[in-house]
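Q: below is the sequence, then the predicted model.
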Amino acid sequence: MRDAIVIIPTYNEIENIEAIIRTVFAQEKPFDVLVVDDNSPDLTALKVKQLQDEFSDRLFLMERKLKTGLGTAYIDGFNWCIAKGYDYIFEMDADFSHNPKDLIKLYNACHVEGADLAIGSRYIDGVNVVNWPMTRILLSYFASKYVRFITRMKIQDTTAGFVCYKRNVLETIDLESVKFVGYAFQIEMKFKAYLKKFKIVEVPVIFTDRTKGKSKMSGSIINEAIFGVLKMKIKSLFGKE
């Protein structure tokens, strides 16, 4: 069995899913892939099943009946990967906003350089975002600044969703206690790792906005991040993670 697996959560990603899977498998370092699909009406899961005929030992599918949020999709994926014994567990989007060629950078940061959590960072080396409107760049950038101010984490890209975890990080964090399901999920996971004093590093990557399919960003997700982070920090001051 390979030591690393990439979790790709999907909802209506039929335009991207085959290409992203094939690109991950084309990397020099072998990675397995777990697609966590939330009952996509566009039959994303069916396409994955068809690809499993070709990649039966590397491609796995978890089908969920309801669309209950990015956070719960990753939690379900984490638990599956831990049970299977993977040492390095990745988060990555299906839409090519995260470049599969950067997987090896995150892997090496953990496997070779000793990080417990490696973040594909848009902001560690300037602002490396392509095809986003200026309003969204500013929203994301200042959201990370806000999170740093509230939490005191020394992380430039606190909202990044391109991440590699060592298995022991996910085994140590109480995954069932994770509250956020949307945008703020990424923040909460980093904060929990930070409180546990795991070694967190940022690796510079270039983020490219999707060219196919629709973004899942919404106002409620942003509100969760803004107000939820403050509540999360206050709880931590009382020893509640």
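A: Yep, that arrived.

Q: does N16 touch A94 like I think?
A: Yes - when contacts are counted by Cβ atoms under 8 Å, N16 is listed as touching A94 (5.0 Å). Just so you know, the C-beta spots here come from the backbone N, C-alpha and C atoms, and that holds for glycine as well.

Q: more crowded one of these two?
A: The neighbour count for N16 versus A94, taken as other Cβ atoms under 10 Å, is higher for A94 (25 against 21).

Q: with adjacent residues omitted, what lies nearest to the more buried one?
A: E13 (4.3 Å; Cβ to Cβ, 6 or more residues apart in numbering).

Q: pretty sure that neighbour contacts L43?
A: No - in this structure, E13 is not within contact of L43 by Cβ under 8 Å, at 10.5 Å.

Q: ok, the two, which is more surrounded?
A: E13 (25 against 13).

Q: is that one in a helix, a strand, or coil?
A: coil (DSSP: H, G, I helix; E, B strand; the rest coil).

Q: quick one: low-confidence parts of this protein?
A: Counting by pLDDT under 70, the chain has low-confidence residues at 1, 210-225, 239-241.

Q: where exactly do the helices run in it?
A: 17-25, 44-52, 70-84, 103-111, 134-151, 167-172, 184-195, 219-237 (DSSP state H).

Q: from T208, how far out is I155?
A: Going from I155 to T208 by Cβ to Cβ, to the nearest Å gives 21 Å.

Q: with neighbour numbers in mind, choose between the two.
A: Neighbours were counted for I155 and for T208 using other Cβ under 10 Å; I155 has more, 24 against 16.

Q: for the more buried one, what are its contacts?
A: By Cβ atoms under 8 Å, 6 or more residues apart in numbering, the contact list for I155 reads 119, 121, 144, 148, 190, 194, 200, 202.

Q: report the buried members of those residues.
A: 119, 121, 144, 190, 194, 200, 202 (16 or more other Cβ atoms under 10 Å).

Q: now the residues you listed as a markdown table including distance to L51?
A: A markdown table is the format used below for the buried ones among the contacts of I155 (distance: Cβ to Cβ, whole Å):
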| residue | distance to L51 |
| --- | --- |
| I119 | 28 |
| S121 | 30 |
| S144 | 35 |
| K190 | 31 |
| Y194 | 37 |
| I200 | 33 |
| E202 | 32 |
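
Q: can you name the two of those that sit furthest apart?
A: Farthest apart among the buried ones among the contacts of I155 by Cβ to Cβ are S121 and Y194. That separation is 14.9 Å.

Q: isn't D116 right up against I200?
A: Yes - using Cβ under 8 Å, D116 is in contact with I200, at 6.9 Å.

Q: now for the two: what residues contact both?
A: A193.

Q: can you tell me how far the residue of the chain most remote from its centre sits from M232?
A: Here the chain reaches farthest from its C-alpha mean at F238, the gap being 27.8 Å by Cα atoms, centre = their mean. According to Cβ to Cβ, F238 stands 12 Å off from M232.

Q: who's in contact with A115?
A: 109, 166, 199-201.
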